[in-house]
Structure formats: structure tokens, C-alpha cells
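Trainee: I would like to see how this sequence folds:
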Amino acid sequence: MSEATHAPPIPGLAPMPALSWSIPGLREDPTMCLRCRSAQLLCGKPICPILLKYRAFERTLPMVDGVRMEGSSPPGLFVGRFGYPKVSVGPLLSPEHGSTELFDTPEEWVGRSVAEVVAFRTGLVRGTTRLRVTDAEQPVPMLEELQLLGIAGESVETEATFRRPPRGHLALSDSTPPFGPSAPIERVRLDVRRVDPHLDRLASDTDANARIAVTELYGRGVRVSRIQRAFSVGVLGRRGRRRLVPTRWSITAVDDLLSKRNLDAVRGLPELSEILLHRFTALDNRWLIVLLPGAYRYESIEAWYPNTLWNPDPNQIVVMGDHEGHDGRTTYASIGGCYYAARLATSEALLRLGRQAGVVVLREVHPGEILPLGVWNVREHVRQAMRTAPEHLSDLPALEDRIRASFAIPLERWRTASAVLHEARTQRRLDEWLRPAPLA
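Mentor: The predicted model follows:
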């Protein structure tokens, strides 16, 4: 890791924001960024991620006046996971006034560029305070404010005081999502004028467990990102069982819970009788979602090109995935939260279609995805893919022709990685033997 040093300001020049940065490869070659200066892109990325995030920070930091800040929360908050069961909790605050909901509503980010999404994420200042996860049951005054923020129905005007001026860290470790400046928070005043009535009612219901609360909110059309926020800040669940849940865990937990709820209904639907193929491209990700005839089963496979987020190797493509059968799975998927995000999106599509089917999600990640953007990237783009009109295919050879034409990675790599496609190629279905013979 390499950190920037900050010299005294030079007369006549704007001061540098208080930033440090880290990027893979600097430990082995500390001169890489100096030699590159964003011109040669020696790190292998198509856009300099340091400059991309720096420009976003450069816009936000000057709007924060020392240790005091006024502005608007989308509403948004963040619960960290390090140090569990004592975690970092705090609001996400914009120095801008008015409606800032877009800054923390990933359902509205489909069609946006990487630069726009990074600007949304880094445009929010994160306040932090350390609390035990069990404090959700009997919250201190600041946590009471944050729990009210967690059920707010619109942007919230805020006043915050920090212990020190917020600072930014451009952590390009390929495992840290883009975040705005942060600082320990002394106090915060929130002007919550309207709460979401559905969230408010379930927050007041201390007899409903978290599973019931989450599924009821989803059934009433509350956005998944809002459910995840309320779940994270510990306002859902039975009395005596409420906890703060790290944001990263709450996202996957809600995706998992809701997709299981959908699949309980999907398994009772008639089986699909043809092959359907959905395609989509966004943020230099190529998606193919295949629906196969027969009973429900599910698989998600990701192929990462060299010099992409999770594959720093300059030469080799990395392909990995996980799958489940008709009855689901009991262990955590090896590819993490993206598995459950795509499962939620495809389960919603099966319910709309009124059919159960085998589902294969194929994702080819190209170097244009220069920064980790979060699990929303999978959930919302698979949702969008499933809204597109499908292509109807006659048989598996036709499907393989489409895979070969759509992806740069050879078909054989996908065949080798996919358990569900392998089963479809090798297992004969009973209805194949029951089809009437063609007329002479």
C-alpha cells in the first residue's frame, strides 16, 4: 500500500483534498502510478480509477465546512462489520440540500455510467460511531435518530458535527466499494418529516419476526434497498431479538430470504417447455440468462477478464460459479452475495412468467468495470435483463451457438464450469420419450 503525503498549501493554488490512496501492484512496483500518471494505464484498467474517485472527492470535500455540516440524507446509513459485535454505525449525509434520494437508491442506477455511480457513492459523507449490535433493542439517542432515518420515506435535512474534518481514502484494493469522506460523528440532528408507512408499521410490530416483516414489506412493494436499510439498522424483528446488522450482511440476507420466498411459489408452477434466452450489457458486463425446460434449478457463473476487479492476473481469465438443485441449498454460495442477488431477480421473472424452469446466469466481466460498485450491480442489471423480450430457441445446440456468438470466452470454458448446462446436455427428459412421432 502506498499513501500520499500532503505538503503545505502553495499560494495561489487550491489546496488538495485530504486524500490517500492504494491500488494493487504498487507494493511490487511503487513507481507504477508515477510512471503512468493516468496516460498509459499501466494497472490494466481502461480509466484511471484514482482520477475517477479523486474528481468525485474533489467535488464533495470543499462543501464540508470543517467539523460542521448541513445538508440532506437520501436517506441513507451504513453499518460496518469490522470489530463485530461492536461495529461502526452512522448516517450517509450529502452536503447538498433538497432531494438526494438518487444518491442511495440503486434501483434507479440502471443505465448510469461508472462515473455517475461513483459520484453518487462518494458524494455522501459517512459519519461513524461505535455501538454494540445489541444496542438496537434499547438504543441510545443517536441510534434512535438513525433508526428513524432507517424508516424515512424521503430525503431528510440534517445537521451534523464531527470530531474532526471528514477525510477521504481512495482504497482501490478491489475489495472496498467506493465511499465518500468519513469522520467520527459527535452529534446529528435529523428533520424527518415523513416516514414510509409500511416500514413504520413493521418497525412498531414487535411480535413479527424479521422474516415475516421483510416478506410483508416486499409484498407491499417496498423497494429492496429500503428493506435492507431498515433490516440493517435493527428496526425489524421481535422484541428482544432486534440487532444491528452490518450493511454487507443485510443486503445478502434480504436477497436470500426474499428469493426463497419467491421460489416456494415458483416450485408449484407448471414447467417451462422451451428454451428462453435474455441478453443484456451494462458497465462492461455482458449477461446471458438462460431459462431451460423442466423443474426449477439455478446456477450463476462469473467469468472475470485479466486486470478486472477480482482477477488481478494479467494473462488468465478466471471462471467460477455455484448452483443449487430443485430444493435449494443450505450452504453459503462460493461466489458470495452476487449469487443471491441474481437469484432474487430471476425468481421474480419466473413468477411473472408463471413457470418454473432451470435458470443459468452467465456473466462476462470485462476490464471496463474498474471499481467495485456493489451487489446492486448484479440484482438490478439481471432484473433489467429479464424485462427484455427473450429469444426463443429450438434446442441446446442453438443455445450454444448464441453463447459462442455473445461471449469472447470460448464455449468450452462455460461448458466445463456449468453443472446445469452439463445436466441439460447429458440427461434425457421423460417427456422426450412421450412426444408423438412425426407424421409420415
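
Trainee: Quick check: what element follows the strand ranked longest in the chain along the chain?
Mentor: Taking DSSP state E as the criterion, the chain has its longest strand at strand 182-191. On the C-terminal side of strand 182-191, the nearest following helix or strand under DSSP states H and E is helix 197-204.

Trainee: Show residues contacting that next one.
Mentor: 147, 150-151, 153, 208, 213, 216-217, 220, 222, 226, 230, 235-236 (Cβ atoms under 8 Å, 6 or more residues apart in numbering). The way it works is simple: take the backbone N, C-alpha and C, and place the C-beta from them, glycine included.

Trainee: Sketch out the low-pLDDT regions of the stretch 251-400 of the chain for me.
Mentor: 307-314, 370 (pLDDT under 70).

Trainee: Report pLDDT for residue 151.
Mentor: Residue 151 is assigned a predicted lDDT (pLDDT) of 98.

Trainee: Touching stretch 79-87 from outside, list them.
Mentor: 88-89, 128, 130-134, 232-233, 244-250.

Trainee: got it, and stretch 377-393?
Mentor: Under Cβ under 8 Å, 6+ apart, the answer for stretch 377-393 is 106-107, 109-110, 224, 255, 274-280, 282-283, 285, 287, 289, 291, 338, 341-342, 344-346, 348-349, 361, 363, 399, 402.

Trainee: Could I have the ChimeraX command that selects the buried members from those?
Mentor: Buried members of the contacts of stretch 377-393, identified by 16 or more other Cβ atoms under 10 Å, are gathered into one ChimeraX selection as follows:
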select :106,109,110,224,255,275,276,277,278,280,282,283,285,287,289,291,338,341,342,344,345,346,348,349,361,363,399,402
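
Trainee: And residue 342, how far from residue 322?
Mentor: 11 Å (Cβ to Cβ, to the nearest Å).

Trainee: what's in contact with the longest strand of the chain?
Mentor: Contacts with strand 182-191, where a contact means Cβ under 8 Å, 6+ apart, come from 67, 73, 90-91, 93, 125-129, 142, 145, 148-149, 156-168.

Trainee: if I read this right, residue 193 contacts residue 155, doesn't it?
Mentor: No. With contact defined as Cβ atoms under 8 Å, residue 193 does not count as touching residue 155 (9.4 Å).

Trainee: Please identify which of those two sits among more neighbours.
Mentor: Set side by side, residue 193 and residue 155 show more neighbours around residue 155, with 24 against 11, by other Cβ atoms under 10 Å.

Trainee: show me the contacts for that one.
Mentor: With Cβ under 8 Å, 6+ apart, residue 155 has these contacts: 72-75, 98-101.

Trainee: could you dump those to CSV with secondary structure and pLDDT?
Mentor: Supplementary listing: those in CSV, determined by DSSP: H, G, I helix; E, B strand; the rest coil; pLDDT from 0 to 100:
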residue, secondary structure, pLDDT
72, strand, 95
73, strand, 96
74, coil, 96
75, coil, 96
98, coil, 93
99, coil, 95
100, coil, 95
101, helix, 96
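
Trainee: who touches the residue most central in space within the chain in this structure?
Mentor: Nearest to the mean C-alpha position of the chain, counting by Cα atoms, centre = their mean, stands residue 375 at 1.8 Å. Contact analysis of residue 375 by Cβ under 8 Å, 6+ apart lists 251-252, 255, 337-338, 341.

Trainee: Residue 347: neighbour count?
Mentor: Per other Cβ under 10 Å, the neighbour tally for residue 347 reads 24.

Trainee: Go ahead and confirm residue 192 touches residue 146.
Mentor: No. With contacts counted by Cβ under 8 Å, residue 192 stays clear of residue 146, the gap being 10.8 Å.

Trainee: What count of nearby residues applies to residue 248?
Mentor: Residue 248 has 18 neighbours, counted by other Cβ under 10 Å.

Trainee: That one: helix or strand, and which one exactly?
Mentor: Here residue 248 is assigned to helix 247-266, by DSSP H and E.

Trainee: just the CA coordinates of that helix, formatted as CSV?
Mentor: Extracted in CSV, the C-alpha atoms of helix 247-266 (Å, rounded to 0.1, in the frame of the first residue of the first chain):
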residue,chain,number,x,y,z
THR,A,247,-24.9,-3.5,5.7
ARG,A,248,-23.0,-6.1,3.6
TRP,A,249,-24.7,-8.9,5.5
SER,A,250,-28.1,-7.3,5.5
ILE,A,251,-28.0,-7.0,1.7
THR,A,252,-27.3,-10.7,1.1
ALA,A,253,-29.7,-11.8,3.9
VAL,A,254,-32.6,-9.9,2.4
ASP,A,255,-31.8,-11.1,-1.1
ASP,A,256,-31.6,-14.7,0.2
LEU,A,257,-34.8,-14.5,2.2
LEU,A,258,-36.9,-12.9,-0.5
SER,A,259,-35.7,-15.2,-3.3
LYS,A,260,-36.5,-18.3,-1.1
ARG,A,261,-40.0,-16.8,-0.5
ASN,A,262,-40.5,-16.4,-4.3
LEU,A,263,-39.1,-19.9,-5.0
ASP,A,264,-41.6,-21.5,-2.6
ALA,A,265,-44.3,-20.3,-5.1
VAL,A,266,-42.2,-21.0,-8.2
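
Trainee: List the buried residues of it.
Mentor: In helix 247-266, counting by 16+ other Cβ under 10 Å, buried: 247-263, 266.

Trainee: Would you map the strands across the stretch 101-250 of the chain?
Mentor: 125-132, 156-162, 168-171, 182-191 (DSSP state E, counting those that start in this stretch).

Trainee: Take the contacts of residue 155 and write them to CSV, including distance to residue 328 and neighbour count.
Mentor: Converted to CSV, the contacts of residue 155 look like this (distance: Cβ to Cβ, whole Å; neighbours: other Cβ atoms under 10 Å):
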residue, distance to residue 328, neighbour count
72, 41, 21
73, 37, 29
74, 34, 26
75, 34, 28
98, 44, 10
99, 40, 12
100, 38, 25
101, 34, 17
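
Trainee: of all these, which comes closest to residue 317?
Mentor: Closest approach to residue 317 among these (Cβ to Cβ): residue 74, at 37.1 Å.

Trainee: thought the closest one was touching residue 92?
Mentor: Yes. Residue 74 lies in contact with residue 92 (Cβ under 8 Å); the separation is 6.7 Å.

Trainee: what's in contact with stretch 208-224?
Mentor: 105, 107, 196, 198-199, 202, 205, 226-227, 230-231, 236-238, 241, 254-255, 257-258, 261, 344, 379.

Trainee: 6 Å - rerun?
Mentor: With contacts defined as Cβ atoms under 6 Å, 6 or more residues apart in numbering, stretch 208-224 is touched by 107, 198, 202, 227, 236-238, 254, 257-258, 261.
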